[in-house]
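Novice: pasting a predicted model and its sequence here:
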Amino acid sequence: MADVRFGDATVVIGDDRVAEVEFHRPPANYFDAELLAGGVEAIAWAAASGARAVVLCSEGRHFCAGLDFGATDRPEPAALSALYSLARQLVDAPLPVVVAVQGAAVGGGLGLALIGDFRVASPSTRFVANFARLGFHQGFGISLTLPAVVGRQKALELLTTGRRVDGTEALAIGLCDRLDDDPRAGAHALAAELAASAPLAVHAIRRTLRGDIVHGFGAMVDHERGEQLRLMETADFNEGIAASLARRDPEFRGE
């Protein structure tokens with residue numbers, strides 16, 4: 001079957017009933033509402049076309065670096081609302097989603113990876129919850145999804161330090177589910193296993209185990225958005241973004 005395109009996302013379904021949904025904004029795959037909307041449409045099309053599992057992946061060096069603060073240093077409230085509305089639709093995807101994480105998943109890109117049911121990385125993959133190093137609050141539902149996969153205490157450490165986690169550590173703490181030198185191939189292998197299981201049972205199991213995340217996601221992203229907008233008015237946020245763009249250590253003053 002040929003690729004079907006939805007904006008900067010494409011989808012193709014293989015004979016194993018696994019749909020590959022790929023974002024096309026290399027090398028960093030920064031997201032915006034348009035890109036995520038394409039992903040939502042692609043997954044919905046795959047479900048309606050008989051797919052039983054999804055591999056979510058990206059073209060280029062990195063899976064996703066989140067928002068491009070080099071292009072906009074202060075996202076508008078309406079833009080954040082649109083992003084998080086789409087995040088709600090992604091977390092409630094009708095099919096199990098395996099995310100292939102190559103390169104880096106940073107900030108909101110980590111949030112996008114965490115929306116999936118499973119993550120496959122390579123040993124050199126980097127997961128970074130760098131929000132505190134930028135001077136603002138995490139978003140994209142990370143406040144809910146990260147503790148769900150690594151535990152509350154580890155999530156607190158990763159969010160407040162903003163340190164990098166490589167693929168080997170990610171596997172040890174549950175941030176990814178499998179390691180493969182080729183994350184996309186590994187993700188396809190796992191998705192094929194899911195697609196071979198009884199689809200009604202898979203759907204029921206997902207509803208049971210992901211119910212708390214799906215039902216609490218809307219309230220959590222509303223809270224996150226409020227905290228982000230508040231902290232974006234601080235001097236520390238301006239310093240965090242400036243330091244990140246200049247590739248230097250920030251000098252925060254608590255203002």
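Specialist: Nice, thanks for sending it over. Note that the structure is a prediction, hence the values are computed from the model and not measured.
Novice: which pLDDT value belongs to Thr72?
Specialist: pLDDT for Thr72: 64.
Novice: pLDDT on stretch 236-249, on average?
Specialist: 94.
Novice: list the buried residues of it.
Specialist: Neighbour counts over stretch 236-249 (16 or more other C-beta atoms under 10 Å) mark 236-244 as buried. C-beta: built from backbone N, CA, C; applies to glycine.
Novice: what does Ala53 show for phi and psi?
Specialist: Dihedral pair for Ala53: phi -160, psi 160, per degrees, to the nearest 10.
Novice: is it in contact with Glu20, as I believe?
Specialist: No - using C-beta atoms under 8 Å, Ala53 makes no contact with Glu20, being 10.1 Å away.
Novice: the more surrounded of these two?
Specialist: Neighbours were counted for Ala53 and for Glu20 using other C-beta atoms under 10 Å; Ala53 has more, 27 against 22.
Novice: surely Gly139 touches Leu80?
Specialist: Yes - if you go by C-beta under 8 Å, Gly139 and Leu80 touch, sitting 7.4 Å apart.
Novice: could you name every residue contacting both of those two?
Specialist: Counting by C-beta atoms under 8 Å, 6 or more residues apart in numbering, the shared contacts of Gly139 and Leu80 are 225, 228.
Novice: name the element the residue most central in space within the chain belongs to?
Specialist: The residue lying closest to the centre of the chain (C-alpha atoms, centre = their mean) is Leu112, at 1.2 Å. With secondary structure defined by DSSP states H and E, Leu112 is part of helix 108-115.
Novice: following that helix, which helix or strand comes up?
Specialist: Next helix or strand after helix 108-115 toward the C-terminus (DSSP H and E): strand 118-121.
Novice: pLDDT averaged over that next one, what's the number?
Specialist: The pLDDT scores in strand 118-121 average 98.
Novice: looking at the helix holding Leu112 now, give me its mean pLDDT.
Specialist: Model confidence over helix 108-115, given as mean pLDDT, is 97.
Novice: that helix packs against which elements?
Specialist: helix 77-91, strand 97-101, strand 126-128, helix 142-150 (3 or more C-beta pairs under 8 Å, 6 or more residues apart in numbering; DSSP states H and E).
Novice: out of those, nearest to Pro199?
Specialist: Among the helices and strands packed on helix 108-115, strand 97-101 comes nearest to Pro199, with 14.4 Å by C-beta to C-beta.
Novice: and the gap between Pro26 and Phe69?
Specialist: Distance, Pro26 to Phe69, using C-beta to C-beta, to the nearest Å: 18 Å.
Novice: neighbour count: the two, which is higher?
Specialist: Neighbour count, other C-beta under 10 Å: between Pro26 and Phe69, Phe69 has more, with 18 against 11.
Novice: quick check: the residue nearest to that one when sequence neighbours are not counted vs Ala196, distance?
Specialist: In this structure, Phe69 finds its nearest non-sequential neighbour in Ile241, 5.2 Å apart by C-beta to C-beta, 6 or more residues apart in numbering. Using C-beta to C-beta, we find Ile241 at a distance of 46 Å from Ala196.
Novice: again with Ala87
Specialist: The spacing between Ala87 and Ala196, counted by C-beta to C-beta, is 29 Å.
Novice: quick one on the thing from earlier: next, the residue nearest to Phe69: secondary structure please.
Specialist: Per DSSP: H, G, I helix; E, B strand; the rest coil, the secondary structure class of Ile241 is helix.
Novice: what is the neighbour count of Ile173?
Specialist: Neighbours of Ile173 (other C-beta under 10 Å): 16.
Novice: could you pull up the residues touching it?
Specialist: 150-151, 154, 165.
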